[in-house]
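In: Sequence and predicted structure, then a few things I'm wondering about:
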Amino acid sequence: MTTSSSKLNSNSTVLWTQTQAELLARRDPTDRLSFTPTAPFPGLTLIGGVDISYPRNTTSTAIVALTILSYPSLTQLYLQTHQIPITEPYISGFLAFRESPAYLAAFASLRTNNPELWPQVVLVDGNGTLHPRRFGSACHLGVELDIPTIGVAKNLLYMEGMTVDAKELKHMFKEDKTLGGVGIGVNGDVCAMAVRPTAGEGATNPIFVSPGHRVSMQTAVELVRCCSRYRVPEPIRVADLHSRVVVRQLEEELEASVSAK
DNA sequence: GCGACAG
DNA sequence: ATCTTGTCGC
């Protein structure tokens, strides 16, 4: 008798759904911040960003990058990568179970080596409340660390009950050049904002911002706008670019070790 | 019914 | 996420 991997995945999914429900009970949807939750955010000086890049031809390991930028200058104060084992597959709606361990390792290192740079808010590459169970990876990391987080996704996660789809949104931003953002409702809740990328009126491909933990929708959007020079806000952009550089190095090392034997 | 599904 | 070149435009 054989055991199919899809069967294993669906079993994990049941447990993971339960875990998400438990952690959701600990999520704080309000502004519980160490700075004033209104632009230009007096008191805010340290903002974090995290992202993960995966090497081609390998599924067991990845590179996580954590960066800390000063605010409002967006100067890079810290940028560290870690090679982390990846044990779980990517399953839509359960991204945190794949990536959160890597994030936790990165933050553990920061706490040990540069505790003075512990961020006041963290931008996460993924969704917050824009999620089938209102608990995306940004919420997950936020609750685990009890740190304010904001989810920023480059693509729309489709789910039942959504008021708009990606194509409609693109149309709306194209039609109305002054449109800055569109609320994304799911079964009566506005759980995200499609935000027109900063850098002009011509851009029509939005980013999707949703609160993670200890941040309101309003504050999340405002803050993302305030640290965006390009489509992707700086903290995530810096982490993304650097993790990609390091992933290339890892790929070369892997190639070398193969040809060496 | 088919397709759409963060990274 | 990753595989991938040039190209149109500011």
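Out: In hand now; what should we look at? Numbering: from 1, shown residues only, chains lettered A, B, ... in the order given.

In: Around DNA strand B, which positions in the stretch 151-261 of chain A sit nearby?
Out: A:151, A:153-159 (Cβ under 7 Å from any atom of the strand). Bear in mind the C-beta positions are built from the backbone N, C-alpha and C, glycine included.

In: now do 6 Å
Out: Among all residues of the stretch 151-261 of chain A, those adjacent to DNA strand B (criterion: Cβ under 6 Å from any atom of the strand) are A:153-155, A:157-158.

In: buried ones in the helix or strand containing A:L110?
Out: For A:L110, the element it lies in under DSSP states H and E is helix A:95-113. Applying a neighbour-count criterion of 16 or more other Cβ atoms under 10 Å, one finds A:95-103, A:105-107, A:110 buried in helix A:95-113.

In: can you give me the helices for the stretch 51-200 of chain A?
Out: A:95-113, A:137-145, A:166-175 (DSSP state H, counting those that start in this stretch).

In: Same list (those) but as CSV, adding mean pLDDT and distance to A:Q80.
Out: Formatted as CSV, those follow (pLDDT from 0 to 100; distance: least, Cβ to Cβ, whole Å):
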stretch, mean pLDDT, distance to A:Q80
helix A:95-113, 98, 7
helix A:137-145, 98, 16
helix A:166-175, 87, 34
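
In: and DNA strand C, which of the ones you listed is closest to it?
Out: For DNA strand C, the closest of the helices of the stretch 51-200 of chain A is helix A:95-113, at 9.5 Å, according to Cβ to the nearest atom of the strand.

In: near DNA strand B at all, the closest one?
Out: Yes - contact of helix A:95-113 with DNA strand B (Cβ under 6 Å from any atom of the strand) involves A:95-96.

In: what are the ranges of the strands in the stretch 151-261 of chain A?
Out: A:181-186, A:189-195, A:207-213 (DSSP state E, counting those that start in this stretch).

In: Can you say which of those is packed in most?
Out: strand A:207-213 (a mean of 28; mean count of other Cβ atoms under 10 Å).

In: which helices and strands does that strand pack with?
Out: Applying 3 or more Cβ pairs under 8 Å, 6 or more residues apart in numbering; DSSP states H and E, one finds that strand A:207-213 makes contact with helix A:137-145, strand A:149-153, strand A:189-195, helix A:217-226.

In: Save these as a markdown table, and put in distance to DNA strand C too.
Out: Shown next, in a markdown table, are the helices and strands packed on strand A:207-213 (distance: least, Cβ to the nearest atom of the strand, whole Å):
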| stretch | distance to DNA strand C |
| --- | --- |
| helix A:137-145 | 12 |
| strand A:149-153 | 8 |
| strand A:189-195 | 17 |
| helix A:217-226 | 16 |
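
In: Now render these as a markdown table, adding distance to A:V121.
Out: Output for the helices and strands packed on strand A:207-213, formatted as a markdown table (distance: least, Cβ to Cβ, whole Å):
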| stretch | distance to A:V121 |
| --- | --- |
| helix A:137-145 | 9 |
| strand A:149-153 | 7 |
| strand A:189-195 | 17 |
| helix A:217-226 | 7 |
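
In: that older thread, with mean pLDDT added, can I get the strands of the stretch 151-261 of chain A in TSV?
Out: Shown next, in TSV, are the strands of the stretch 151-261 of chain A (pLDDT from 0 to 100):
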stretch	mean pLDDT
strand A:181-186	94
strand A:189-195	95
strand A:207-213	97
